[in-house]
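K.L.:
Mind folding the following:
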Amino acid sequence: MKTAVIGLGVLGAATARSLAREGAEVTVFERAGALAGTSGTSFAWTNSHHKNPRSYHDLNLAGMAEHEALAQEAGAAPAWYVRNGNLEWAEDAAGTERLAASVAELADRDYPVHWITPRRACELVPDLRLPAHVEHIAHYPEEGHVFPALLLARLWGEARDLGAELRCPANVTGLHETGDGVRIDLSDGSAARADAVVIAAGRWTEALTAAAGHRVPMADPDAAGTATVGLLGYTAPLPARLDRVLTTPRLNVRPDGGGRLIVQGLDLDADADPAVPPAVDGRHARELCRRLSGLLAGTEGARLEALRVGQRALPADGLTVAGFLGDSTRVYTLATHSGITLGPLLGRLAARELLTGEPDDRLADFRPARLIGRTRLPVLQPARFAGQQ
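P.N.:
Below is the predicted model:
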């Protein structure tokens, strides 16, 4: 089968790899370059926190297991994936109550989580500076983080080894089903043909599905102060000992390789605006560095090498989209805010559904039909979604 994948982020690369492994002839169409969309500005934390309904939680749990399976295929410690866990605590009574309720819900679902003491937390993170009032820390030992560029290199490298081809830059403007396949119109006036197409275009999903005749509404990726936008700071190398994720009341932080850290202050996302990128040495950058130095020894004098506005690929109801458009069996769409956690899994499931026509029950609640044609959907607020890749 001659297949086309639109988009070379983690979802597109995972889909191309899975299709190529099954013997499909694969061409990827990418408008700008690998990681040019959300995959390149992601906190990249693998988890299943606050992901409801239960089917969405279970899907993300399966996504975490898929990363483990992919890592085991590598035969040695994979360069793209670190599963050293996550530590979380609260700063006030209301936050402590919310955290306790979240931990209880996850424990009821047999999700790996337990409470640890400040002493144990400092054993896990020797440079940790815990507030004196913190007595209990939630430890999620099987969570981890991904280096998106290295993950994409692993996925796309294997797809390429199996014969997948890349057309870039190639801006797809239209998709039209014909009697023998799908015509793919490009902005330069040319066209290509495939037996089937997978749209994995992130925040450009709405425009492409509309061009295919079945618009899947997405939350506006340019809307400042909403769930789709957030600030990510990237530090210069620092002599701080951190090998896992920290999700704290004022700062989320994880390693980014070479002594660099990625930092995120969720309350600062209210000021994130793609039209007005913040200065790398401005007020927000200074505040992120101040919080970091209060959290980890060895980060005094930290500075940011980059401060980016991430734009999340978020279906309009906040849940993943995975399935065929309308009655088509030729045009398949993937879109999700949980692209890092779910990428390898969704790529494999999409390829199998496309090639065999057999639906996977794990995707039953996430078909695009629930959103096609809907209007007046609410604006999604940040707290539920920020940092949950």
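
K.L.:
Leu162 touches Glu22, doesn't it?
P.N.:
No. Leu162 is beyond contact range of Glu22, at 9.6 Å (criterion: Cβ atoms under 8 Å). All C-beta atoms are positioned from the backbone trio N, CA, C, and that covers glycine.

K.L.:
pretty sure Gly174 belongs to a strand, no?
P.N.:
Yes. Assessed by DSSP: H, G, I helix; E, B strand; the rest coil, Gly174 belongs to a strand.

K.L.:
Start the count at 2 instead of 1 going forward.
P.N.:
New numbering, starting at 2: the last item is Gly175.

K.L.:
and it, how many residues sit next to it?
P.N.:
Residues lying near Gly175 (other Cβ atoms under 10 Å) number 15.

K.L.:
just the one 10 residues further on next, same as before
P.N.:
The criterion is other Cβ under 10 Å. On that basis, Ile185 has 22 neighbouring residues.

K.L.:
Go ahead and list the helix or strand containing it.
P.N.:
strand 182-187 (DSSP states H and E).

K.L.:
Now Asp362, what are its backbone angles?
P.N.:
phi -60, psi -30 (degrees, to the nearest 10).

K.L.:
And it, how close does it get to Leu372?
P.N.:
Relative to Leu372, Asp362 is positioned 20 Å away (Cβ to Cβ, to the nearest Å).

K.L.:
check contacts around the residue nearest to Ile373 when sequence neighbours are not counted.
P.N.:
The shortest distance from Ile373 to any non-neighbouring residue, by Cβ to Cβ, 6 or more residues apart in numbering, is to His215 (5.0 Å). The contact partners of His215, taken as Cβ atoms under 8 Å, 6 or more residues apart in numbering, are Leu326, Gly327, Ser329, Val332, Pro369, Ile373.

K.L.:
Let me know the secondary structure of His215.
P.N.:
Secondary structure, three-state DSSP: His215 is coil.

K.L.:
What pLDDT does the model give the closest residue to Ile117 other than its chain neighbours?
P.N.:
Nearest residue to Ile117 in three dimensions, chain neighbours excluded: His140, at 4.6 Å (Cβ to Cβ, 6+ apart). Per-residue confidence (pLDDT) for His140: 98.

K.L.:
again with Arg375
P.N.:
Value for Arg375, per-residue pLDDT: 83.

K.L.:
okay, now it: neighbour count?
P.N.:
Arg375: 12 neighbours (other Cβ under 10 Å).

K.L.:
and the nearest residue to Arg313 once chain neighbours are set aside, what does it touch?
P.N.:
Leaving out its chain neighbours, the residue that sits closest to Arg313 by Cβ to Cβ, 6+ apart is Thr229, at 4.8 Å. Listed by Cβ under 8 Å, 6+ apart, the contact partners of Thr229 are Arg204, Ala220, Asp221, Pro222, Asp223, Gln312, Arg313, Leu315, Leu381.

K.L.:
quick check, nearest of the contacts of His215 to Ala72?
P.N.:
If you rank these by distance to Ala72 using Cβ to Cβ, Pro369 comes first, at 30.3 Å.

K.L.:
picking up where we left off before, tell me the SS of the residue nearest to Ile117?
P.N.:
Criterion first, three-state DSSP; result for His140: strand.

K.L.:
is it true that it touches Trp90?
P.N.:
No. The criterion here is Cβ under 8 Å, and His140 misses it with Trp90 at 10.0 Å.

K.L.:
who's more crowded, these two?
P.N.:
Per other Cβ under 10 Å, whichever of His140 and Trp90 has more neighbours is Trp90, with 23 against 20.

K.L.:
now the strands for the stretch 102-251 of the chain?
P.N.:
Using DSSP state E, counting those that start in this stretch, the strands of the stretch 102-251 of the chain run over residues 115-117, 138-141, 145-147, 166-168, 173-179, 182-187, 192-195, 197-200, 230-236, 246-248.

K.L.:
related to what we said a few turns ago, what's the distance between the residue nearest to Ile117 and Thr342?
P.N.:
From His140 to Thr342 the distance is 19 Å (Cβ to Cβ).

K.L.:
One more: Ala211?
P.N.:
Where Thr342 is concerned, Ala211 sits at a distance of 27 Å (Cβ to Cβ).

K.L.:
how about stretch 24-35: buried residues?
P.N.:
Ala25, Val27, Thr28, Val29, Phe30, Glu31, Arg32, Ala35 (16 or more other Cβ atoms under 10 Å).

K.L.:
Look up the pLDDT of the residue nearest to Arg313 for me, please.
P.N.:
93.

K.L.:
same check, this time on the one 4 residues further on
P.N.:
Predicted confidence (pLDDT) for Leu233: 97.

K.L.:
what's it in contact with, if anything?
P.N.:
Thr42, Ser43, Phe44, Ile263, Val264, Gln265, Leu308, Arg309, Gly311.
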